[in-house]
Structure formats: structure tokens, C-alpha cells
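> Coordinates for the following, if possible.
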Amino acid sequence: METVDAQYGTAAQTLRTQYEADPSNPSALLNLANGYFDWGVAALNHANGTEDEAHAREIFTRAIEYYDEYLDGNPDSKSVVVDRAICVFYTGEHEEAISALEDLLAEDDTFAPAWANLGMFYENDGRVEDAATAYQRAID
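Numbering: from 1, shown residues only. Have a look, this model is predicted:
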């Protein structure tokens with residue numbers, strides 16, 4: 001985990017510095033959120049035990065905070081809503097993640113990435129028929 005944190009922590013610090021230099025730049029904020037997303041995924045993939053898993057959840061929580069800040073100024077960014085929901089899912093809040101994507105799809109049922117991730121969430125929670133439907137909607 002030390003290697004992951006060293007690599008991604010350094011990258012996150014660079015992104016944070018860029019954002020702090022121009023907090024009115026939404027791209028810098030989104031890059032920072034995405035940096036934490038990537039760090040969380042890497043940490044989760046390298047987790048060896050509950051302490052590492054908790055660390056990964058903390059990183060995803062930081063990503064969620066930055067995504068929330070981004071969405072405050074850009075509420076129609078569907079891809080960011082999906083990325084945020086993925087982070088929420090990986091923190092263990094499955095129902096909240098599912099609800100976020102169901103809400104997005106209630107407004108626009110044509111956004112395939114939301115359907116695909118919703119299918120993954122359903123499948124993980126044992127909702128096989130719902131997952132199959134969601135996956136098919138993503139394909140359609």
C-alpha cells in the first residue's frame with residue numbers, strides 16, 4: 001500500500017496544488033476528484049486486509065467530496081454523477097449508489113454508462129434480473 005500511496009498521493013498533491021492555484025477552474029477540480037477516484041481504485045486493488053480496505057474507503061470519501069463540490073457548479077454532468085456513485089458504492093453504501101443512478105436514469109434513461117454501472121451494482125447485491133435488465137439497457 002505504501003507504493004500506491006506514494007505514487008497516487010504525490011499525483012493528488014500536484015492536482016490539489018493546481019486546483020488551489022485557481023479554484024474557479026472546474027477542470028482542475030474535476031481532475032482532482034478523478035485523481036482521488038483513481039487512487040481509491042488502486043488502493044482497493046492492492047488492499048491486504050481490513051485496514052487497507054478502510055484506507056481505500058477514506059480515499060473514495062475524499063473523491064466524493066470533490067465530486068460534490070464539482071456538481072454544485074455543474075449539476076448536469078451525468079458522467080460525474082456516475083463516477084461519484086461508483087465511489088459511494090466502493091465505500092460500502094450500495095443502496096445510496098443505486099439510488100443515485102436510479103435518480104439519474106429517471107431523468108434521462110438514455111445514458112448507457114449509468115445503466116452499465118447500475119447493472120454492476122445490482123449484480124453485486126444479488127439482484128440478477130435487475131442487473132440483466134440494466135445491462136441490456138446499456139447495450140440498447
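
> which secondary element of the chain has the worst mean pLDDT?
Taking mean pLDDT, DSSP states H and E as the measure, the helices and strands of the chain show their lowest mean at helix 2-21, namely a mean of 92.

> elements contacting that helix?
Under the contact criterion of 3 or more Cβ pairs under 8 Å, 6 or more residues apart in numbering; DSSP states H and E, helix 2-21 touches helix 26-45. In this view, the C-beta of every residue, glycine as well, is placed from N, C-alpha and C.

> Quick one: mean pLDDT over the helix it packs on.
On average, the pLDDT along helix 26-45 is 96.

> what's that helix in contact with?
Contacts made with helix 26-45 from outside it, assessed by Cβ atoms under 8 Å, 6 or more residues apart in numbering, are listed as 1, 4-5, 7-9, 11-12, 15-16, 18-19, 21-23, 52-53, 55-57, 59-60, 62-63, 66-67, 69-70, 73-74, 80, 83, 86-87, 90.

> of those residues, buried ones?
Neighbour counting with 16 or more other Cβ atoms under 10 Å marks 4-5, 8, 11-12, 15-16, 19, 55-57, 59-60, 62-63, 66-67, 69-70, 80, 83, 86-87, 90 as buried within the contacts of helix 26-45.

> max-length helix in this protein?
In the chain, assigned by DSSP state H, the helix with the most residues is helix 50-73.

> okay, the helix or strand hosting residue 83 in PDB with CA atoms only?
When elements are defined using DSSP states H and E, residue 83 is found to belong to helix 78-90. Taking C-alpha atoms only, helix 78-90 is exported to PDB below (Å, rounded to 0.1, in the frame of the first residue of the first chain):
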ATOM      1  CA  LYS A  78     -24.000  12.900 -15.900                       C
ATOM      2  CA  SER A  79     -20.600  11.200 -16.100                       C
ATOM      3  CA  VAL A  80     -19.600  12.800 -12.800                       C
ATOM      4  CA  VAL A  81     -22.800  11.600 -11.200                       C
ATOM      5  CA  VAL A  82     -21.900   8.100 -12.300                       C
ATOM      6  CA  ASP A  83     -18.300   8.400 -11.100                       C
ATOM      7  CA  ARG A  84     -19.500   9.700  -7.700                       C
ATOM      8  CA  ALA A  85     -21.900   6.800  -7.500                       C
ATOM      9  CA  ILE A  86     -19.100   4.300  -8.100                       C
ATOM     10  CA  CYS A  87     -17.100   5.900  -5.300                       C
ATOM     11  CA  VAL A  88     -20.200   5.700  -3.000                       C
ATOM     12  CA  PHE A  89     -20.600   2.100  -3.900                       C
ATOM     13  CA  TYR A  90     -16.900   1.300  -3.000                       C
END
